[in-house]
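Asker: Quick one, what's the 3D model for this:
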Amino acid sequence: MLQTGSAAPRLDGLVVLVVDATTGVGRELTTRLCAAGAVVAVVGAGHPDRVDDAATNAAFLCKALTDAGLVALPYRIDIGDPAEAARLPGQIAADVGPLDAAVVLLPPPDTGAGLHGAFRTLSAALAAALPAGARHIEGTSSGATGPDTTTAGDRTWVRSVVDGLAARAARRTVADRRPPRAAATEVPRGETCPSESSWQGTTNWSWRPSPRP
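Answerer: Predicted coordinates:
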């Protein structure tokens, strides 16, 4: 069932990758995804214009999330190496399971064309390597600075991503609870299929969902 009203959306069982997950809107999204029950691959994006260490930031963020009882694993990629991005989905699948979605946070619009283009190239390589059915989502950071590094627009976008993935998780939960479809019975040539009345009383098959643990 889809979450409605004031109930928080749930992402239990989903595996989501976020690049760049350690600052600004990426950090906000990562925290929200984890809080909703997703397993999040926290990817720090290393590039020459970055003044901090992407790998260290990813590790610190994952420690804070796991200390809170959430599930997050740190990774790092070099923005200038699309082949490294293409290998990432396979690495994450081996660690925690196949990806359901990958989110790439692009630099702010006023960033130099070279860095923006490198992020775009990396995002395309990552999208091509995703398993069938996985979602590929791109967002653009506002580049807000100061104590609050996200804007109202950033937070609205984060909610839309979480809500969209929650709808996906809900559909998968419903599909997992459906009974298996009965195989069709082939009627030999020249014979007729038994009438509905002749089947009554011979089979009493019903499906009930397993009780929640």
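
Asker: all contacts plus neighbour counts: C-alpha atoms, from now on.
Answerer: OK.

Asker: starting at the chain centroid, how far to stretch 110-121?
Answerer: 24 Å (CA atoms, centre = their mean, to the nearest Å).

Asker: same question, stretch 160-175
Answerer: Centroid separation between stretch 160-175 and its chain, computed with CA atoms, centre = their mean, is 10 Å.

Asker: Quick check: buried residues in it?
Answerer: 161, 162, 163, 165, 166, 167, 168, 169, 170 (16 or more other CA atoms under 10 Å).

Asker: which ones are touching residue 88?
Answerer: For residue 88, the contact set (CA atoms under 8 Å, 6 or more residues apart in numbering) comprises residue 126.

Asker: mind checking the SS state of residue 104?
Answerer: For residue 104, the assignment made with DSSP: H, G, I helix; E, B strand; the rest coil gives strand.

Asker: Make 26 the starting number, not 1.
Answerer: Happy to do that; since the first residue is 26 now, the last one works out to residue 129.

Asker: Near it, how many other residues are there?
Answerer: 25 (other CA atoms under 10 Å).

Asker: pull the longest helix from this protein.
Answerer: With DSSP state H setting the assignment, residue counts place helix 177-202 as the longest helix in the chain.

Asker: Tell me which other helices or strands that one touches.
Answerer: helix 49-60 (3 or more CA pairs under 8 Å, 6 or more residues apart in numbering; DSSP states H and E).

Asker: who's in contact with the helix or strand just after the helix it packs on?
Answerer: Toward the C-terminus, helix 49-60 is succeeded by strand 64-71 as the next helix or strand (DSSP states H and E). Under the criterion CA under 8 Å, 6+ apart, residues 37-47, 55, 58-59, 78-80, 82-83, 87, 95-104, 117, 121 lie in contact with strand 64-71.

Asker: helix or strand right after strand 64-71?
Answerer: Downstream of strand 64-71 (by DSSP H and E), the next one is helix 79-92.

Asker: mean confidence for the longest helix of the chain?
Answerer: Across helix 177-202, the average pLDDT comes to 85.

Asker: So what's the gap between it and the chain middle?
Answerer: Chain-centre distance of helix 177-202: 9 Å, with CA atoms, centre = their mean.

Asker: ok, now stretch 150-157?
Answerer: Per CA atoms, centre = their mean, the centroid offset for stretch 150-157 relative to its chain is 13 Å.

Asker: ditto for stretch 125-134
Answerer: Here the centre of stretch 125-134 is set off from its chain's centre by 12 Å, with CA atoms, centre = their mean.

Asker: now do the same end-to-end measure for that stretch.
Answerer: Chord length of stretch 125-134, first to last residue, is 28 Å (CA to CA, to the nearest Å).
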